[in-house]
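**Student:** give me a 3D structure for the following:
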Amino acid sequence: MAFDTIIELNDASVFQKEILVLSEVSFSIDRGQFCYLIGRTGSGKSSVLKILYADLPMVDGYGRVAGTELLGIKDKEIPFLRRKIGIVFQDFQLLSDRSVRENLFFVMRATGWRDKIAMEERMTDVLEKVGLGTKAFKMPHELSGGEQQRVVIARALINDPDVILADEPTGNLDPETSEGIMELMFDISTTGRAVLMATHDYTLFSKFPARIFKCEGGRLSEEPYSVDA
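**Tutor:** All right, here's what the predicted structure looks like:
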């Protein structure tokens, strides 16, 4: 694997439960690259992401993410892999009974942070990066949908990951808010992280052109930019 390649799958099968949805999956993404993952519902997009963060087991082929091999990964190794990956969900998955600050601290404690001063500094840093520097003590219900998604992105950045995996991060947002989230995601990729984003929103491609991988007919292929959405 090349030094700059941060995500690589080669000849992998992707299952949803017992059903094979994608076969012979091969692609690689380098540091600093932003890529889209498209396809109809049920085509395997989310399952590809889950294989990359070891929520689904890899059963064959070769896979490597941020220096960790996926085939045969042990349960005790998965938390170390996930510290190198930031995951952004469509439905936010914020803890509704805790402030923005406490949502971030929850993740930090769960991933081994102990120094309270360092935690406070990191929390402040990532909130400023996503444009929420004044929102640390807000509760999730006090934020707009776009602001909640920015908290989710801050949470994904908390451990300074090599990879961001995003599953429909603009799916519940209006077009103007989606554009702000996209600008933020692209900015993240310019810092040397690889970003792979599953989406149904093909209107993003003209304003934010990037590599496109498509799940269709049991295969994953790279599409030319002029993909017919």
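**Student:** can you tell me the helix or strand for the residue most central in space within the chain?
**Tutor:** Note on the chain: the residue nearest the mean C-alpha position is residue 165, at 1.5 Å, using CA atoms, centre = their mean. Assigned by DSSP states H and E, residue 165 belongs to strand 163-167.
**Student:** got the buried residues for that strand?
**Tutor:** By neighbour count with 16 or more other CB atoms under 10 Å, strand 163-167 contains the buried residues 163-167. Heads up, the C-betas are built off the backbone N, CA and C, glycines and all.
**Student:** pick the one among those closest to residue 20.
**Tutor:** residue 167 (20.7 Å; CB to CB).
**Student:** could you check how far that closest one is from residue 198?
**Tutor:** 5 Å (CB to CB, to the nearest Å).
**Student:** what touches both of these two?
**Tutor:** 45-46, 49 (CB atoms under 8 Å, 6 or more residues apart in numbering).
**Student:** could you list the buried residues of stretch 179-186?
**Tutor:** Buried residues in stretch 179-186 (16+ other CB under 10 Å): 179-182, 184-185.
**Student:** so can I have TSV of the shared contacts of residue 167 and residue 198 showing neighbour count and pLDDT?
**Tutor:** What follows is those, written out as TSV (neighbours: other CB atoms under 10 Å; pLDDT from 0 to 100):
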residue	neighbour count	pLDDT
45	28	93
46	22	92
49	21	95
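**Student:** what residues are up against the closest residue to residue 30 other than its chain neighbours?
**Tutor:** Distance criterion CB to CB, 6 or more residues apart in numbering; nearest residue to residue 30, sequence neighbours excluded, is residue 4 at 4.5 Å. By CB under 8 Å, 6+ apart, residue 4 lies in contact with 30-32.
**Student:** and what of residue 34?
**Tutor:** Counting by CB under 8 Å, 6+ apart, residue 34 touches 185-186, 189, 195, 197, 208, 210-211.
**Student:** tell me where this protein has strands.
**Tutor:** Along the chain, counting by DSSP state E, strands occupy 5-16, 19-30, 34-39, 62-65, 68-69, 85-89, 163-167, 194-198, 211-216, 219-223.
**Student:** can you say which of the ones you listed is packed in most?
**Tutor:** strand 194-198 (a mean of 25; mean count of other CB atoms under 10 Å).
**Student:** how far away is residue 4 from residue 178?
**Tutor:** Taking CB to CB, one finds residue 4 at 29 Å from residue 178.
**Student:** related to what we said a few turns ago, and the strand holding residue 165 with strand 19-30, angle?
**Tutor:** Here the directions of strand 163-167 and strand 19-30 differ by 140 degrees (axes from the mean of the first three to the mean of the last three CA atoms, to 10 degrees).
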